[in-house]
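S.K.: Show me how the following folds:
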Amino acid sequence: MDHSNLIRQSDIIPASTLTTPVTVVGCGAIGSFAALALAKMGMQDITLYDFDKVDTVNMSAQFHPFKAIGENKAASTQRMLQEYASVSSSISMDAFQASNAGHTRGIVILAVDTMEARRAIFNWIAEGSPFVNYVIDPRMAAEYYEQYTLNPFDKNERASYMKSMHEDSETVQQRCTAKSTVYTAMLAAGLIAKTVKNIIVGEAHPTRIKWDIKSSNQPLFRMSAVNAEARAHGAHI
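M.R.: The predicted structure is shown next:
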C-alpha cells in the first residue's frame with residue numbers, strides 16, 4: 001500500500017501500526033469527526049455503525065454535508081472517508097447488537113448518545129468479543145468532554161469504569177439550543193485519535209480525560225503506565 005500521504009508522521013506513527021481494526025459505534029458529532037481523524041491518520045480497517053439518519057439539526061456539529069440530509073449516517077460517513085482520506089470503511093446501517101460482538105476486533109469507540117447504549121454494548125463486548133483490546137468511551141456536552149479508555153477484560157479497569165455509569169434519567173438535560181458545538185466535537189476527535197495512536201505504538205495512553213472546555217483551556221489526564229518498550233523510546237504525552 002502507498003503510504004506517501006503519511007510521510008510527515010511516519011517517525012511518529014509507523015505505517016506497520018495502522019492495520020489495527022477500529023470500530024466506531026455511532027456516526028454523530030463525536031463519531032463522524034473521530035472517524036475522519038482516524039482515517040486521515042492512516043487507519044486502514046475502520047468499521048462504522050449507525051442506524052440514524054442525517055438531519056438538518058446535525059449540520060452545525062457533525063461531519064456530514066447538507067446533501068446527506070435524510071441519508072444514513074454510517075453511509076454518509078463512509079462516503080466522506082473515501083472522499084477526504086481515500087479510506088474504504090465497512091458499514092452497518094443498523095444499531096450495534098450482541099450478535100456483532102463476536103467478530104469485532106481491535107479498538108471500539110462507543111460514540112453513542114445514551115448511557116443505556118454504552119452499558120449494553122460494553123457488556124456485549126466484555127462477554128462475547130475476545131478479540132477487542134480496548135474500548136474508548138467518549139462523552140460530550142456542548143462545552144464539556146470526558147473520555148474513558150480501558151481493557152474490557154481487566155477486572156480492575158472494568159470495575160472502575162462501571163462506576164462511571166449512571167441512569168440516563170440522572171443526566172442533566174440541556175436546552176435543545178445548547179446541546180453541541182463543533183469545536184467540542186473536533187477536540188474530542190483529536191483526543192480519540194491521539195489515544196488510538198498511543199495504544200497502537202505502545203505508549204502510555206490516557207485512561208480518563210476530563211475537560212470543562214468552557215472554563216479551562218487544559219484537559220485533565222489520568223495516564224496508564226508506560227510499558228518497558230515505550231519507556232526505552234522516551235514515549236510521553
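S.K.: So which bits of the top strand by length along the chain are buried?
M.R.: Ordering each strand of the chain by length in residues (DSSP state E) puts strand 132-141 first. By neighbour count on 16 or more other Cβ atoms under 10 Å, the buried set for strand 132-141 is 132, 134-141. Just so you know, the C-beta spots here come from the backbone N, C-alpha and C atoms, and that holds for glycine as well.
S.K.: Contact partners for S160?
M.R.: By Cβ atoms under 8 Å, 6 or more residues apart in numbering, S160 lies in contact with L150.
S.K.: then the helix or strand containing S160 to CSV, C-alphas only?
M.R.: Element membership for S160 (DSSP states H and E) is helix 155-162. The C-alpha coordinates for helix 155-162 follow below in CSV (Å, rounded to 0.1, in the frame of the first residue of the first chain):
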residue,chain,number,x,y,z
LYS,A,155,-11.3,-6.8,36.1
ASN,A,156,-10.0,-3.7,37.9
GLU,A,157,-10.3,-1.4,34.9
ARG,A,158,-13.8,-2.8,34.2
ALA,A,159,-14.9,-2.3,37.8
SER,A,160,-13.6,1.3,37.8
TYR,A,161,-15.3,2.0,34.5
MET,A,162,-18.7,0.6,35.6
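S.K.: C-terminal to that helix, what's the next element?
M.R.: Heading C-terminal from helix 155-162 (DSSP H and E), you reach helix 182-201.
S.K.: Against which helices or strands is that next one packed?
M.R.: Helices and strands touching helix 182-201, as assessed by 3 or more Cβ pairs under 8 Å, 6 or more residues apart in numbering; DSSP states H and E, comprise helix 29-41, strand 106-110, strand 132-141, strand 144-150, strand 206-212.
S.K.: Between helix 29-41 and that helix, find me the angle.
M.R.: Between helix 182-201 and helix 29-41, the angle comes out at 50 degrees (axes from the mean of the first three to the mean of the last three Cα atoms, to 10 degrees).
S.K.: From the chain's centroid, how far away is helix 182-201?
M.R.: Its chain's C-alpha centre and that of helix 182-201 lie 7 Å apart, by Cα atoms, centre = their mean, to the nearest Å.
S.K.: can you state the direction angle for it and strand 132-141?
M.R.: In terms of direction (the same axes, to 10 degrees), helix 182-201 departs from strand 132-141 by 160 degrees.
S.K.: give the contact list for the spatially closest residue to N198 that is not a sequence neighbour.
M.R.: What sits nearest to N198 in space, not counting adjacent residues and going by Cβ to Cβ, 6 or more residues apart in numbering, is H205, at 3.7 Å. By Cβ under 8 Å, 6+ apart, the contact list for H205 reads 149, 195, 198-199, 223-224, 237.
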